[in-house]
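Student: just a sequence and a predicted model for now, questions to come.
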Amino acid sequence: KSLKNLRSTSEQAHSPHATRARMMLVDVALVVAAAGLAAAADAAAQKPNLLFMMADQLRWDALGVVNPGAKTPSLDSLAADGVRFTSAFTSTPTCTPARAALLTGQKPWNHGMLGYGAVAEKYPFEMPRALSSLGYSTTALGKDHFGWDKPLDEGYPHGYQYTQLYDGITAEPDNYHQWFEHAMPGKKPESGWPTLDMNSWKGAPYAYDEYYHPTAWVGRLAVNFIQNYSDPRPWFLKVSFHRPHSPYDPPQRVLDSISASDLPPIIVSKDGWDNRFTGLADAPPGCGPKNLDAWCGDMPDADATLARRAYYGSVAFVDEWVGKIVAALKERNMYDNTLIVWTADHGDGQGDHYHWRKGYPYELSAHIPMLLRWPNNTQGAQIKRGSTLPHVTELRDVFPTMLDGAGGMDIIPSNYSMDGDSLLCLVLDPSGAKCRKGAWRQHLDLEHSTCYNETNHWNALTDGEFKYIFKAWNASEQLFDLKTDPGETVDLAPDPRYAGTLSKWRQTLVNQFEEEGRGPNWVFDGKLVKRVAGQTYSPNYPGNNPSSNQTCYGKLLKSGDTIELKPNAGADPTLCQDFTYVSQSSALTLISRPDLCLTKTSDGTPDITTCKAGDPNQAFAVPDVKDKTVQIKHSPSGECIVLLNKIEDKPGRIPDVGFGPCPKPNSPTFIDSEWVFGASGRLCHLSNGCLTIKQS
């Protein structure tokens, strides 16, 4: 049965007072029916089962095996029964590009996502589809973040035969939202965190009973899947928890178990390199405590402590469900024959170096946990369970690890750029001699196009001992010694004693760009090029022609598109609302299409046209005033972006937007020109919506 049919038959009788037992039956029915269960059969398949678990926004050091204050006994146990990779990274540390790496086993340039954008609807070679071809059932529970197919009312599958999804996107009618609204008629999931949102830096306890929490929903589905599985095929199960991603909202009992003394000290620099992120006058836009979605700032102690306690409480709640999932495996006698990988898509700033959220080259964001537990019958393992390995690993290694566990490394197409390698080869021989390329990688590439604003746009390299960062927006560099300074408290780039090391890493990045054929916008005359505008997609993004066919969340954008007002999309990926202000050129560019700029056309309307250096029609003045309303002034004409055709007696009607005289601060029409430039890149009026691309 489809999910919709299951609801019509199993949930019609739900009332606001439905018992948990009846709701648990619905949970079981969803998994059992969709898995196509027949008679119970506990006999283990010849091939191992494959369990891939992950959490969103989980720092590498938020585990008890690294930080004793973290309450993660289940994950610590998993590390003790396998191997922990101490230099695991996510090359593009935001949600969607990280998941493209998991799907494809490729580095950013090859899978095509250089920053936060839309996961392509299909890639030439994908993990779940490949495992299905090897005889596995494939199931995804929790967060995929692959996009939602509204006509089919399901997420884009990418080869998963069955999905039950919660992507944490408020406007997406995913399976969790549908379940919640049936279980709690008249209520919304978002009411569970009334003072927070999906990117907020603050924390608070979950407002509903913890049964309804997304973490509990995903965990129950996973436990039920294991308890009731009887398909004769081996299974590949992906369990992807949305938390500890914002909102930081653990149940009250879990929050109460986390004290301030459990928290690690906040890390700040010794040489002052991070002072500009404190939220003071010279900080980039989007910093400071008044912005709920702030990506940086020295936050008030009480608020920061509560936020960090709530974050670690969210981690602890996820860990509880990991324990229940592992217990279910053991109850079904499946544990010994299951290959398990645990990781995260990226970390979370948590106030280190005054950073919050993700998208940065620093350890707080790019360094992630990576645990591997191999089946008992694995032949030739040369490391002991409970070991650590220093090899530089990345999310691209998960796909080949699963293929290797399934005995399917030989199905990788000969013309496919599989950049990752199997972690199992390091279990068999830590020297890397048994790996696909005869050796393990010596260093790793990382990068992220413009995120939050122009100042967060970078490329990086690391070998787990040093990290080199090239800040593309102003062509500056950083260098950190991770062996002696894992907190990145001293930037060695200005130190003449490290000039040779800096030069070596710079040349390595030049060589990478030249080998990938990135062109003169990246390397010119053997030197790295300053790149003011970002680039979200590479030419390898499926179906992408970067000169004319880049998209915003799957929608074609082009010169000539107009601007309209729409309600704030929140995390809805279907509306294109994100801009970045490039102060050097005074241009407002689209984050997803940095070659397109907001333009004042000859007829006085705001349109989107191709960016042209020095074009006066694209020159705007955007005051760097965080968390307060500002006027967006077209510099040559002196006119502001204002609301037009406002009809006071028709509440709810969204007016038009255009250019007009800039009202004075004390005038009654001043409110028509007041905009808030959000940390995510949205230009929103206080009560009438956000600037949105109207596709022609």
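Tutor: In hand now; what should we look at?
Student: isn't residue 369 right next to residue 341, touching?
Tutor: No: counting by Cβ atoms under 8 Å, residue 369 does not reach residue 341; the two are 10.6 Å apart. All C-beta atoms are positioned from the backbone trio N, CA, C, and that covers glycine.
Student: how many neighbours does the closest residue in space to residue 498 that isn't next to it in sequence have?
Tutor: In this structure, residue 498 finds its nearest non-sequential neighbour in residue 492, 4.4 Å apart by Cβ to Cβ, 6 or more residues apart in numbering. Counted with other Cβ atoms under 10 Å, residues neighbouring residue 492 total 20.
Student: and the gap between residue 492 and residue 479?
Tutor: Per Cβ to Cβ, to the nearest Å, residue 492 is found 4 Å from residue 479.
Student: return the set of buried residues in stretch 384-394.
Tutor: For stretch 384-394, the neighbour count (16 or more other Cβ atoms under 10 Å) marks 389, 391-394 as buried.
Student: same check, this time on stretch 632-644
Tutor: So, applying 16+ other Cβ under 10 Å, buried residues of stretch 632-644: 632-634, 639-643.
Student: same question for stretch 76-95.
Tutor: Neighbour-count burial for stretch 76-95 flags 76-79, 82-95 (criterion: 16+ other Cβ under 10 Å).
Student: among those, name the ones in strands.
Tutor: Mapping the buried residues of stretch 76-95 onto strands (DSSP state E) picks out 83-89.
Student: all strands for the stretch 101-250 of the chain, in order.
Tutor: For the stretch 101-250 of the chain, the strands defined by DSSP state E, counting those that start in this stretch occupy 137-142, 148-149, 154-155, 162-165, 235-244.
Student: looking at those strands, which is closest to residue 443?
Tutor: Comparison of those against residue 443 by Cβ to Cβ identifies strand 235-244 as nearest, at 28.1 Å.
Student: OK, contacts around residue 111?
Tutor: Counting by Cβ atoms under 8 Å, 6 or more residues apart in numbering, residue 111 makes contact with 97, 100-101, 103-104, 123, 540-541.
Student: need the longest helix for this protein.
Tutor: The longest helix of the chain (DSSP state H) is helix 301-331.
Student: what comes up buried for that one?
Tutor: Residues of helix 301-331 classed as buried under the neighbour-count rule (16+ other Cβ under 10 Å) are 304-326, 328-329.
Student: does anything pack onto whichever strand or helix holds residue 511? Which helices or strands?
Tutor: Counting by DSSP states H and E, the element that carries residue 511 is helix 499-516. Helix 499-516 is packed against strand 458-462, strand 466-471, strand 476-481, strand 523-524, strand 527-528, with contacts defined by 3 or more Cβ pairs under 8 Å, 6 or more residues apart in numbering; DSSP states H and E.
Student: one step back: need the ones in strands among the buried residues of stretch 76-95 in a markdown table with pLDDT, can you?
Tutor: Below are these laid out as a markdown table (pLDDT from 0 to 100):
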| residue | pLDDT |
| --- | --- |
| 83 | 98 |
| 84 | 98 |
| 85 | 98 |
| 86 | 98 |
| 87 | 98 |
| 88 | 98 |
| 89 | 98 |
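Student: tell me where the model's unsure across the chain.
Tutor: Scanning the chain with the threshold set as pLDDT under 70 gives 1-45, 543-557, 569-575, 583-584, 591-594, 624-628, 646-654, 678-681, 695-696.
Student: ok, the ones in strands among the buried residues of stretch 76-95 vs residue 273, which is closest?
Tutor: Distances from residue 273 to those, taken by Cβ to Cβ, are shortest for residue 89, at 20.6 Å.
Student: what's the closest one in contact with, if anything?
Tutor: By Cβ under 8 Å, 6+ apart, the contact set of residue 89 is 366-368, 392-394, 444, 446, 462.
Student: try 7 Å
Tutor: Contacts for residue 89 (Cβ atoms under 7 Å, 6 or more residues apart in numbering) come out as 366-368, 392, 394, 444, 446, 462.
Student: who's the nearest residue to residue 161 once chain neighbours are set aside bridged to?
Tutor: Excluding the flanking residues, the one nearest residue 161 by Cβ to Cβ, 6+ apart is residue 138, at 5.0 Å. Beta-bridge pairing of residue 138 under DSSP bridges involves residue 236.
Student: shouldn't residue 138 be in contact with residue 159?
Tutor: Yes: with contact defined as Cβ atoms under 7 Å, residue 138 reaches residue 159; the gap is 6.2 Å.
Student: compare those two (neighbour count), which wins?
Tutor: residue 138 (24 against 18).
Student: distance of that one from residue 130?
Tutor: 9 Å.
Student: what do you get for residue 314?
Tutor: Look at residue 314 and residue 130: by Cβ to Cβ, they are 32 Å apart.
Student: kindly report the same for residue 152.
Tutor: 23 Å.
Student: those two: who's more crowded?
Tutor: More crowded of residue 152 and residue 130, by other Cβ under 10 Å: residue 130, with 23 against 10.
Student: which residues in the stretch 251-400 of the chain form helices?
Tutor: Counting by DSSP state H, counting those that start in this stretch, the stretch 251-400 of the chain has helices at residues 252-256, 301-331, 363-366, 398-405.
Student: just to check, residue 63 is in contact with residue 74?
Tutor: No: in this structure residue 63 lies outside contact range of residue 74 using Cβ under 7 Å: 10.2 Å.
Student: now residue 201: closest residue in space, sequence neighbours ignored.
Tutor: Nearest-residue entry for residue 201: residue 356, 4.2 Å, with adjacent residues in sequence omitted and distances by Cβ to Cβ, 6+ apart.
Student: how many neighbours does residue 416 have?
Tutor: 15.
Student: so it touches residue 125, yeah?
Tutor: Yes: in terms of Cβ under 7 Å, residue 416 counts as a neighbour of residue 125; the distance is 5.2 Å.
Student: ok, now which ones touch the spatially closest residue to residue 629 that is not a sequence neighbour?
Tutor: Leaving aside its sequence neighbours, residue 629 sits nearest to residue 674 (Cβ to Cβ, 6+ apart; 3.8 Å). Neighbour list for residue 674: 629, 685-686 [criterion: Cβ under 7 Å, 6+ apart].
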